[in-house]
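> Here's a sequence, model it:
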Amino acid sequence: MTFDWEYFWTALLAPNQSFLNGLALTILISIVAMALALVLGLVAALMGRSRFLPLRIIASLYVWIIRGTPLLVQLVILYTGFAAANIFRFEDLSIGFLIKGAVQAAIIGLMLNESAYISEIVRGGLESIEKGQTEAALSLGMTPLGAMRWIIVPQAIRVMVPPLGNSFNGLMKSTSILSIIGVAEMFQVGSTMASSTFKAFEIYIVVALYYLLLTTIWTIIQTAIENWLNTKAGLPKAESIWKRLFGMRSKRDRIAPKNPIAALEGAAA
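Okay, here's the model as predicted:
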């Protein structure tokens with residue numbers, strides 16, 4: 001058995017329509033699930049910071065259960081378990097275009113799983129801002145909501161963007177397990193192609209490279225967002241794309257003193 005280079009390059013550079021459809025579905029599910037997870041994660045984080053004890057308990061239980069169980073198990077329970085127990089069944093939905101039940105379950109499952117992690121990111125971002133800023137805003141006559149909207153959140157967003165971006169990268173890669181509930185995303189299509197052509201090694205390398213392409217594109221976008229936020233805040237730009245992707249340091253990084261005390265002493269001088 002030899003590696004079929006011709007088939008590999010054809011599959012990589014000129015993928016068939018079925019593979020492109022799987023790629024598009026992977027991207028679509030990732031974006032929609034992340035957008036919904038951001039909303040639900042924000043709600044869970046605010047519930048966790050509430051003065052109302054029952055809300056804090058609900059938020060804590062939600063985060064504990066979701067983060068403490070595997071995504072694969074959650075998807076199977078959501079799509080297969082609920083239907084078997086006659087609790088709920090995901091049916092195909094037509095709203096001008098067809099959304100299959102498995103795709104609905106995939107989006108909801110990813111949303112529920114990711115929102116538990118996002119709630120902790122949001123909570124950490126909000127708590128990273130000194131409480132004195134809220135107190136100062138309130139003393140100036142701002143409402144708690146206004147202080148949160150205009151003072152705390154703008155600063156917290158800059159802190160939250162890097163981990164949120166990493167979460168989205170992880171979510172895109174997690175779509176590869178959606179085949180367990182029959183979603184025809186990129187990995188599932190690749191598996192079908194491998195079974196029919198017996199070119200498993202070639203196909204799975206192609207799939208891996210496309211996942212790498214997706215995560216690399218998002219890393220570039222994420223870095224651009226971080227640099228934009230830092231510029232607006234009057235702070236130095238985030239690390240360069242090359243450093244983030246390949247660990248390459250700029251000339252300034254190479255000549256900077258490794259000892260942080262020496263760096264502070266140099267700045268003071």
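
> any idea how far residue 51 lies from residue 144?
11 Å (Cβ to Cβ, to the nearest Å). To be clear about C-beta, it is placed using only N, CA and C from the backbone, and glycine gets the same treatment.

> Those two: who's more crowded?
residue 144 (11 against 6; other Cβ atoms under 10 Å).

> what's the closest non-adjacent residue to the more buried one?
residue 138 (6.9 Å; Cβ to Cβ, 6 or more residues apart in numbering).

> Leaving out the residues flanking it, which one is nearest to the residue nearest the centre of the chain?
By Cα atoms, centre = their mean, the chain has its centre lying nearest to residue 168, at 1.5 Å. Leaving aside its chain neighbours, residue 168 sits nearest to residue 34 (5.1 Å; criterion: Cβ to Cβ, 6+ apart).

> Which residues are in contact with the one you found?
Contacts for residue 34 (Cβ atoms under 8 Å, 6 or more residues apart in numbering) come out as 110, 114, 167-168, 171.

> repeat that with 10 Å
Residues in contact with residue 34 (Cβ atoms under 10 Å, 6 or more residues apart in numbering) are 41, 107, 110-111, 114-115, 118, 164, 167-168, 171-172.

> what about the stretch 101-250 of the chain, any weak spots by pLDDT?
238-242, 244-245, 247-250 (pLDDT under 70).

> Run through the helices of it in chain order.
Using DSSP state H, counting those that start in this stretch, the helices of the stretch 101-250 of the chain run over 101-127, 131-139, 144-147, 153-174, 186-197, 200-232, 241-246.

> Pick the most buried one from those.
Stretch with highest mean neighbour count among those: helix 101-127 (a mean of 22; mean count of other Cβ atoms under 10 Å).

> Spit out the contact partners of the closest residue to residue 187 other than its chain neighbours.
Spatial nearest neighbour of residue 187, excluding adjacent residues (Cβ to Cβ, 6+ apart): residue 176 at 4.1 Å. Taking Cβ under 10 Å, 6+ apart, we find residue 176 in contact with 26, 185-188, 190-191, 207-208, 211.

> Distance check, residue 72 against residue 90.
17 Å.

> swap in residue 129?
40 Å.

> quick one, which of these two is more surrounded?
Neighbour comparison, residue 129 and residue 90: the larger count goes to residue 90, with 20 against 17 (by other Cβ under 10 Å).

> did I read that right, the more buried one in a strand?
No: counting by DSSP: H, G, I helix; E, B strand; the rest coil, residue 90 is located in no strand; its state is coil.

> related to what we said a few turns ago, from residue 153, how far out is the residue nearest to the centre of the chain?
Per Cβ to Cβ, residue 168 is found 19 Å from residue 153.

> how far does stretch 137-157 stretch from start to finish?
The straight-line separation of the ends of stretch 137-157 (Cα to Cα, to the nearest Å) is 18 Å.

> Would you check that residue 173 makes contact with residue 30?
Yes: the pair residue 173 and residue 30 passes the contact test of Cβ atoms under 10 Å, sitting 9.2 Å apart.

> List the residues that are in contact with both of those two.
In contact with both residue 173 and residue 30: residue 214, using Cβ under 10 Å, 6+ apart.

> Let me see the contact set for the residue nearest to residue 144.
144, 146-147, 151.

> just curious, which of those is nearest to residue 17?
Residue 17 has its nearest neighbour among these in residue 151, at 50.7 Å by Cβ to Cβ.
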